[in-house]
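In: After the sequence you'll find the predicted model.
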Amino acid sequence: MRKLLIPFLLFLAFAVSIGLIVADVDDDLNKVSSDLAKQQKQLADLEKRQQQLSRDIASASISLSQVSSQLTAAEKELSVIEKDLDAKEDALADWKANRDALVRELYKQNRTSSLEIIFSANDLEGSAHQFQYYNANLNTLHSTITKLTEEITVFQSNRAAAKKLRDDLAALRSQYQASLASSQSQLSSTSSQLSSVKSSIKNLSAKQEQLILAKFAATQGSETVGDDQPYSEPLPAPSFKPAFMVATYGYPHRIGMSQYGAYGRAKKDQNYKSILAAYYKVSTSSVQTYRAGGTLKVKGCSVGPPPWYPGGGWSKSTCQSKGYKWYDTGPIGMESYIKGLGEMPTLWGSPSNDGMEALEAQAVAGRSYAWSYANGNGGTICPSTYCQVYLGYNKGSYWEQAVNATPNKVIISGGAPLKAFYHSTAGGYTISTKAWISYWSYNDGIKDFFDSNTAYEQVGGSPWYHTGWGHRTGVKGQYNPWMTQEEFADIFNAFLLCKTGSQPYTLKSDCSYMQYLSPIDKGGWSMSKVRSKLTSLGITPVTSISAIVSTFTGGNEANTATVYVSGSHDTYTFSGRYFRDIFNLRSRGTLQIPTYRYDMTVQR
């Protein structure tokens, strides 16, 4: 009899324990199921809206202000869902614990014989009831385990969907910001360069972002030539050998008219209409008179973002506290405004420099840009590089002659003045505007060469046509872009730590090692530490470099496609785009690659 009591007592213990756990679980499970189902629907609806927003931004089918409000609404809704998911995180742990306890009970009871349960009762009727009750508890147990597992799966699915949506909305926010910035101003060099790095490396820390921004800002380069021709500093001889240098072609953003290219074309006897037609891919008849006698207002700081800039511009007090000039001028005549632009050196127009046609092309491009900007911004433009540099006075001399020679002339495209972007130097190849606006007339870049070996920018004497950038130890105001073999190999090794796919390698966007790949003097891993980690992962590090070759993209050759490095490791092949981005993160001092077209120079 004692033997029969044992399974009966086990059964009672099982029934009680199951009853307590199941009762505890069932109290919340129905509500949880309802909440999770509601979350699923909300996430599915948000995903559809995100996809529609992506199409809207790409096609410009709705205004950017509408995009902004819809993005903000979607981000707020997602935040509510994420907050609810966070609140349920502890509940999830409890569900898992309950499920695991129930699974253990189910396993133990499955080992109990049905006959033991039957014979533990005093009579046949009691045996039947006892067996039926036992089976009912088993079924309840099994059903509860199944429901718990399903809800845990739904929770985890919702969490993953929310994370993906957050990443997608963040990408859309960046895309929106780029579209808005491109429709309002010529993008500032440092922010656009950082954005390009972040598009490849998703998990940059805030500190790494600041390091990259500081590195880009240290060049003191300008996207346009400016009022005075920049000084051309000669390349110093390296103090060690072998010495390696990355030489960049051009300086961002490389979209629209190259100013040094226009200067070179003028020297080769092209007139201003032909120069504009070449860069903006329009006919010379597109240069037309527009709104003679028109006016606009100039408002904002002489340096920095205008008050209406997305993400927060500079106010008058901020501007003046930094020692800069605040403008709130107008309305002033368009021709007076153009005479005050400081975007191209006046002396280029002298007879000895033979660049008057370049100044005239600049006057038309500047006037087109100003009208396009002001027409979309309440008749107001800013005076800094975020729009066009306005000096506040008539520069006179050859620049005034160029403005007077092209009165009220703009480039007309689609019945309105063209947003005529321009830049200092493209390195012989301007690039597509499709990264910004898909429907502009000059949405494909050009090969900007006088003959097979000479770019127009070389004719114009650009100091930024093909050069290294930065100083190896970051000494302010000095120039030394050379790297030792170990330093250069370290860039490839950093890439190898985060490589993905087959050769040519690209970067794994969420690489866990990225946090350790800041410059060595800024808290990053040492070169030996990176090599050791590669070895532990079964990857042969680059230690010696016998040859290094870069190739350019097929067709237009506008950017570097691949980088090959050979040595004791054999040969590795890397994506040119991603090599540039890891270089800008890892390189020491202020060394950097400003554009995506570059090659390597070696002195042995």
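Out: That came in fine, so what should we check first?

In: From now on I want contacts and neighbour counts done on CA atoms only, so please keep to that.
Out: Will do.

In: In stretch 471-483, which residues are buried?
Out: Within stretch 471-483, the residues scored as buried using 16 or more other Cα atoms under 10 Å are 471, 472, 473, 474, 479, 480, 481, 482, 483.

In: ok, now stretch 396-409?
Out: Buried residues in stretch 396-409, counted by 16+ other Cα under 10 Å: 398, 399, 400, 401, 402, 403, 406, 407, 408, 409.

In: So what's the gap between it and the chain middle?
Out: 39 Å (Cα atoms, centre = their mean, to the nearest Å).

In: Can you pull the poorly scored residue ranges out of the stretch 51-200 of the chain?
Out: Within the stretch 51-200 of the chain, the segments meeting pLDDT under 70 span 53-69, 71, 88-148, 151, 170-200.

In: swap the cut-off to 50 and go again
Out: For the stretch 51-200 of the chain, applying pLDDT under 50 flags the ranges 58-65, 111-115, 117-121, 124-127, 129-131, 133, 177-188.

In: One more: the chain?
Out: The chain contains residues with pLDDT under 50 at 1-16, 18-21, 58-65, 111-115, 117-121, 124-127, 129-131, 133, 177-188, 436.

In: which residues does the nearest residue to residue 400 once chain neighbours are set aside contact?
Out: Computed as Cα to Cα, 6 or more residues apart in numbering, the closest residue to residue 400 that is not its neighbour in sequence is residue 339, at 5.8 Å. Residues counted as contacts of residue 339 (Cα atoms under 8 Å, 6 or more residues apart in numbering) are 393, 394, 395, 396, 399, 400, 403.

In: right, and out of those residues, which lies closest to residue 460?
Out: Using Cα to Cα, residue 399 comes nearest to residue 460 of those, at 17.5 Å.

In: The closest one: helix or strand, and which one exactly?
Out: Assessed by DSSP states H and E, residue 399 sits inside helix 397-405.

In: is it possible to export the contacts of residue 339 to TSV including distance to residue 240?
Out: Formatted as TSV, those follow (distance: Cα to Cα, whole Å):
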residue	distance to residue 240
393	49
394	50
395	47
396	49
399	46
400	50
403	51
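
In: Return the closest of these with respect to residue 507.
Out: Residue 507 lies nearest to residue 399 out of those, by Cα to Cα, at 47.1 Å.

In: can I assume that closest one is in contact with residue 350?
Out: No. Counting by Cα atoms under 8 Å, residue 399 does not reach residue 350; the two are 9.7 Å apart.

In: Quick check: what element follows the helix or strand containing residue 358 along the chain?
Out: Element membership for residue 358, per DSSP H and E: helix 356-375. As assigned by DSSP H and E, the chain's next helix or strand after helix 356-375 is strand 380-381.

In: What helices and strands are in contact with that next one?
Out: Counting contacts by 3 or more Cα pairs under 8 Å, 6 or more residues apart in numbering; DSSP states H and E, strand 380-381 is packed against strand 295-301, helix 356-375.

In: Walk me through the domains of this structure.
Out: If you go by automatic domain parsing, the domain ranges for the chain are 2-184, 191-251+465-603, 257-425.

In: For those domains, could you give me CSV that also reports distance to residue 457?
Out: As requested, the domains of the chain are exported to CSV (distance: least, Cα to Cα, whole Å):
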stretch, distance to residue 457
domain 2-184, 25
domain 191-251+465-603, 7
domain 257-425, 4
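
In: Nearest to residue 432, out of those?
Out: With Cα to Cα as the criterion, residue 432 lies closest to domain 191-251+465-603 of the domains of the chain, at 9.2 Å.

In: Residue 224: neighbour count?
Out: Neighbour count for residue 224, taken as other Cα atoms under 10 Å: 24.

In: Can you pull the phi/psi pair for it?
Out: Residue 224 has phi and psi values of phi -120, psi 160 when expressed as degrees, to the nearest 10.

In: got a list of what it touches?
Out: Neighbour list for residue 224: 259, 343, 344, 422, 423, 424, 425 [criterion: Cα under 8 Å, 6+ apart].

In: Quick check: closest non-adjacent residue to the fifth one.
Out: This points to residue 423. The shortest distance from residue 423 to any non-neighbouring residue, by Cα to Cα, 6+ apart, is to residue 224 (4.6 Å).

In: and the helix holding residue 358, what other elements does it pack with?
Out: By 3+ Cα pairs under 8 Å, 6+ apart, helix 356-375 packs against helix 259-267, helix 272-280, helix 334-339, strand 380-381, helix 397-405, strand 409-413, strand 416-417.

In: Who does the last one pair with, and is each partner parallel or antiparallel?
Out: On the basis of DSSP bridges, the sheet neighbours of strand 416-417 come out as strand 409-413 (antiparallel).

In: which parts of the partner strand are buried?
Out: Residues 409, 410, 411, 412, 413 are the ones in strand 409-413 that count as buried (16+ other Cα under 10 Å).

In: how far away is the fourth one from residue 387?
Out: Relative to residue 387, residue 412 is positioned 19 Å away (Cα to Cα, to the nearest Å).

In: re the thing from before, any idea which of the contacts of residue 339 is closest to residue 251?
Out: Within the contacts of residue 339, the smallest distance to residue 251 is 24.1 Å, found for residue 399 (Cα to Cα).

In: OK, contacts around that closest one?
Out: By Cα under 8 Å, 6+ apart, residue 399 lies in contact with 339, 346, 349, 359.

In: next one: residue 568
Out: Shown in contact with residue 568 (Cα under 8 Å, 6+ apart): 542, 543, 544, 545.
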